[in-house]
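Colleague: next one to model:
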Amino acid sequence: MPTERLTFPGHSGDTLSARLDMPDGPHLATALFAHCFTCGKDITAARRIAARLAAMGIAVLRFDFTGLGHSQGEFANTTFTSNVSDLTAAAGYLESRGMRADLLIGHSLGGAAVLRAAPEIAAAKAVVTIGAPFDPGHVTHNFGDRLEVIRKDGRASVDLGGRPFTISKRFVEDVEAEKLDPAIRSMKKALLVLHAPRDAVVDVSNATQIFVAARHPKSFVTLDDADHLVSRAEDAEYAADVISAWAGRYLDLKPPAPPIGAPEGIVRVTEADPAGFLQDIQSGPHHHAVADEPKAYGGTNRGMSPYGFVAAGLGACTSMTIRMYARRKGWPLTGVSVDVQHDKVHAQDAETAQETRIDRFIRRVTLEGDLDDDQRARLMEIADKCPVHRTLEKGAEIETELV
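Modeller: Below is the predicted model of the structure:
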């Protein structure tokens with residue numbers, strides 16, 4: 001997934017820092033991502049969702065709001081309204097590059113911002129909120145007893161997540177005055193609401209209010225026990241999978257036909273969690289899986305191991321080959337299942353008399369149906385002729401290139 005580092009002018013002319021995650025294959029649509037209050041474009045949820053959407057052919061622009069992350073400007077001078085203006089500026093930047101913001105995604109207060117901005121971004125067809133408040137003024141609950149100091153002195157430093165931020169009275173008044181209900185009712189776009197029932201920062205009742213205010217088509221999906229920041233990799237991955245599957249219903253994600261003579265496709269494996277071994281596996285534009293290692297080997301056990309995928313390939317190919325032969329013969333085969341076990345075993349090298357370890361795959365094939373003994377025997381012979389079986393038996397040549 002190529003990522004372009006870029007900048008564009010925000011609502012006040014300050015330079016905003018951004019990342020544009022582009023698909024490796026055809027570019028089919030574009031999403032605009034708004035991060036949570038005082039967060040940034042590089043939080044786990046933003047990076048994970050951007051990677052998944054890019055794998056689907058959806059480019060994702062994620063940026064730091066004015067005064068946050070690597071963007072210029074003074075955070076103390078920003079408001080909720082200025083965040084909305086930054087979003088429309090980002091959409092305008094995409095337009096200047098010939099890319100429409102087809103999908104708007106907002107996390108927490110960023111979710112409230114995309115709801116407010118949605119009616120102003122005509123190109124957008126769908127909106128996603130993640131842990132968003134129905135009342136933007138909800139964010140002032142984070143200020144505690146500093147809220148009264150802000151009202152009295154005009155501004156004050158507030159500790160948010162272990163970092164000090166200067167919050168102005170203008171910000172408080174602006175966010176408390178904002179009402180999202182009119183924007184939600186008038187946006188005329190498909191809506192997906194994602195929220196965790198145990199969200200301790202923005203209560204799940206906010207999701208209910210957003211959902212009720214919206215017109216159809218609208219969907220609500222729970223994030224179960226995820227935290228507000230969707231900080232766990234498995235929760236961010238789940239949210240990304242839901243968004244990518246849902247978005248396909250409202251965006252035209254049909255890829256162009258490959259040129260005549262092109263190979264069937266590429267299997268791309270990308271590291272998903274540098275702290276462990278989780279891998280994203282994308283086979284062409286439509287098929288996705290994850291690979292991992294068991295917890296005993298330092299993984300998180302969220303996907304099959306690499307050898308598990310090899311065994312799966314052997315089992316699937318065996319079953320398909322048996323089915324194809326029985327279908328051609330018109331035999332009464334009603335079901336096939338293949339159990340595959342992989343082991344490393346010792347073998348004696350005939351030439352060197354040295355003992356080495358080789359791979360052994362044990363297949364246990366179950367054939368269902370009113371088959372006679374000769375038919376069952378023949379189908380077992382056919383099992384050994386499956387292409388993956390032959391590849392494993394004969395070995396393969398692997399060429400590796402540095403890109």
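Colleague: any buried residues in stretch 363-371, and which?
Modeller: 363, 365, 367, 371 (16 or more other C-beta atoms under 10 Å). To be clear about C-beta, it is placed using only N, CA and C from the backbone, and glycine gets the same treatment.
Colleague: which residues touch the helix or strand harbouring Ala377?
Modeller: Ala377 is part of helix 373-383, with elements assigned from DSSP states H and E. By C-beta atoms under 8 Å, 6 or more residues apart in numbering, the surrounding residues in contact with helix 373-383 are 318, 321-322, 325-326, 329, 331, 333, 363, 365, 367, 371, 389.
Colleague: ok, those vs Asp14, which is closest?
Modeller: Nearest to Asp14, judged by C-beta to C-beta, of these is Thr318 at 61.0 Å.
Colleague: now that closest one, what's its secondary structure?
Modeller: helix (DSSP: H, G, I helix; E, B strand; the rest coil).
Colleague: wait, it touches Cys386, no?
Modeller: Yes: the criterion here is C-beta atoms under 8 Å, and Thr318 meets it with Cys386 at 4.9 Å.
Colleague: what about stretch 278-291, how long is it end to end?
Modeller: 6 Å (C-alpha to C-alpha, to the nearest Å).
Colleague: show me what counts as buried in that stretch.
Modeller: 278-282, 285, 288, 290-291.
Colleague: chain center to it: distance?
Modeller: With C-alpha atoms, centre = their mean, to the nearest Å as the basis, stretch 278-291 stands 11 Å off its chain's centre.
Colleague: what do you get for stretch 332-339?
Modeller: Distance, stretch centre to chain centre, for stretch 332-339: 35 Å (C-alpha atoms, centre = their mean).
Colleague: contacts for it?
Modeller: So stretch 332-339 is contacted by 314-316, 318-319, 322-323, 326-327, 363-371, 379 (C-beta under 8 Å, 6+ apart).
Colleague: just the buried residues of stretch 363-371 now: which is nearest Tyr297?
Modeller: Nearest to Tyr297 among the buried residues of stretch 363-371, with distances taken as C-beta to C-beta, is Arg363, at 24.7 Å.
Colleague: quick one: the helices in the chain?
Modeller: 44-55, 80-96, 109-117, 146-153, 169-177, 181-186, 205-213, 233-247, 306-329, 373-383, 387-394 (DSSP state H).
Colleague: report the inter-axis angle for the second one versus helix 169-177.
Modeller: Helix 80-96 and helix 169-177 meet at an angle of 80 degrees, taking axes from the mean of the first three to the mean of the last three C-alpha atoms, to 10 degrees as the criterion.
Colleague: pLDDT-wise, what's the bottom of the buried residues of stretch 278-291?
Modeller: In terms of pLDDT, Pro285 ranks lowest among the buried residues of stretch 278-291, with 64.
Colleague: any idea how far Gly40 lies from Arg155?
Modeller: Noted for Gly40: a distance of 22 Å to Arg155, by C-beta to C-beta, to the nearest Å.
Colleague: actually, Met380.
Modeller: 79 Å.
Colleague: restricting to C-alpha, output stretch 160-173 in PDB.
Modeller: Taking Å, rounded to 0.1, in the frame of the first residue of the first chain, the C-alpha atoms of stretch 160-173 are listed here in PDB:
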ATOM      1  CA  LEU A 160      -6.100  15.100  28.100                       C
ATOM      2  CA  GLY A 161      -4.600  11.600  27.900                       C
ATOM      3  CA  GLY A 162      -1.500  12.700  29.700                       C
ATOM      4  CA  ARG A 163      -0.900  15.700  27.400                       C
ATOM      5  CA  PRO A 164      -1.600  19.400  28.100                       C
ATOM      6  CA  PHE A 165      -3.900  21.300  25.700                       C
ATOM      7  CA  THR A 166      -5.000  24.900  25.900                       C
ATOM      8  CA  ILE A 167      -8.800  25.000  25.600                       C
ATOM      9  CA  SER A 168     -10.400  28.400  24.900                       C
ATOM     10  CA  LYS A 169     -13.800  29.700  26.000                       C
ATOM     11  CA  ARG A 170     -14.600  30.200  22.300                       C
ATOM     12  CA  PHE A 171     -14.200  26.400  21.700                       C
ATOM     13  CA  VAL A 172     -16.400  25.600  24.600                       C
ATOM     14  CA  GLU A 173     -19.200  28.000  23.500                       C
END
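Colleague: show me the contact partners of that stretch.
Modeller: Counting by C-beta under 8 Å, 6+ apart, 37-38, 75-80, 140, 142-143, 146-147, 150-151, 153-159 sit against stretch 160-173.
Colleague: so which of those are in strands?
Modeller: 155-159 (DSSP state E).
Colleague: for stretch 52-60, how far is the first residue from the last?
Modeller: 10 Å.
Colleague: circling back: right, so the helices of the chain: which one is the most enclosed?
Modeller: When the helices of the chain are scored by mean count of other C-beta atoms under 10 Å, the highest mean neighbour count falls to helix 109-117 (a mean of 28).
Colleague: what inclination does that helix have with respect to helix 80-96?
Modeller: Going by the same axes, to 10 degrees, helix 109-117 makes 70 degrees with helix 80-96.
Colleague: follow-up on the earlier one: which among the contacts of stretch 160-173 count as buried?
Modeller: 37-38, 75, 77-80, 140, 142-143, 146-147, 150, 155-156, 158.
Colleague: so what's the residue nearest the centre of the chain closest to, chain neighbours aside?
Modeller: Here the mean C-alpha position of the chain is nearest to the C-alpha of Ala240 (C-alpha atoms, centre = their mean), at a distance of 2.8 Å. Spatial nearest neighbour of Ala240, chain neighbours left out: Arg52 (3.6 Å); criterion: C-beta to C-beta, 6 or more residues apart in numbering.
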